[in-house]
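Novice: requesting a structural model of the entry that follows:
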Amino acid sequence: MKKNMYIAASYQLYDVSEGKNELLEETAEGQPFDFISGMGIALEAFENQLIELKEGEKFDFKIAPSEAYGDYHADHVTDLEKSIFIRNGKFDDEYIYVGAIVPLQNQEGERFNGHVLEITDTTVKMDFNHPLAGKTLHFKGEIKKIHEASAEEMATYVNSMSNGCSCGGGNCGGNCGEGGCQNGGCGNCNNH
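Specialist: Coordinates of the predicted model:
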């Protein structure tokens with residue numbers, strides 16, 4: 001794979017697992033998903049499909065779970081003690097609620113997200129599978145820009161990655177919005 005290529009692509013992403021054809025995500029008009037190849041921002045299988053295309057060229061391909069986010073594992077769903085979510089003497093219901101994606105960190109300092117499925121009197125049931133685990137992904141779209149990344153583009157991506165902001169590394173298309181990274185302007189950007 002060619003590394004350090006700046007790629008901007010507009011696309012629609014569908015889940016086509018088990019006969020479905022469900023639209024999961026679509027880039028906003030005028031805000032393509034942009035990334036630099038080889039930096040781990042996008043799925044390698046996604047990059048490999050786009051890297052040889054030219055500006056203006058359309059694409060239509062599928063990625064199996066094994067090349068995307070892996071299989072769904074039931075054992076990645078677990079009950080955690082509700083007490084670990086106590087903040088200032090009370091349960092943190094501002095951030096811990098059914099449907100929330102909660103950033104966590106283990107004892108080794110590794111960061112990961114959990115999806116809150118259920119809250120009982122004593123436990124919080126969380127799913128630690130990637131939201132797209134087990135799904136066959138179908139991408140349809142168009143290359144808006146593709147060229148060797150400039151030093152400035154490289155610096156921008158390295159800086160955004162080291163500061164922990166996911167803007168530009170997911171469905172925000174590189175646009176943090178009015179709120180900016182620090183003020184929640186990214187929303188729920190997902191890496192691809």
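Novice: surely Ile51 and Ile7 touch.
Specialist: Yes. With contacts defined as Cβ atoms under 8 Å, Ile51 counts as touching Ile7 at a distance of 7.5 Å. (Glycine included, C-beta is placed from N, CA and C.)
Novice: who touches both of those two?
Specialist: Common contact partners of Ile51 and Ile7 (Cβ atoms under 8 Å, 6 or more residues apart in numbering): Ser37.
Novice: who has more neighbours, those two?
Specialist: It is Ile7, of Ile51 and Ile7, that has more neighbours when counted by other Cβ atoms under 10 Å, with 25 against 15.
Novice: my guess is Asp55 contacts Lys145, does it?
Specialist: Just so we're on the same page, residue 55 is Glu rather than Asp. Yes. Taking contact to mean Cβ under 8 Å, the distance of 6.0 Å between Glu55 and Lys145 places them in contact.
Novice: what ranges does this structure have for its helices?
Specialist: Per DSSP state H, the chain has helices spanning 44-50, 151-162. These are given in chain order.
Novice: tell me the most buried of the ones you listed?
Specialist: Per-stretch averages of neighbours, counted by mean count of other Cβ atoms under 10 Å, single out helix 44-50 among the helices of the chain, with a mean of 19.
Novice: residues in contact with that one?
Specialist: By Cβ under 8 Å, 6+ apart, the surrounding residues in contact with helix 44-50 are 1, 7, 9, 35, 37-38, 59, 61, 63, 67-68, 139, 143, 146, 192.
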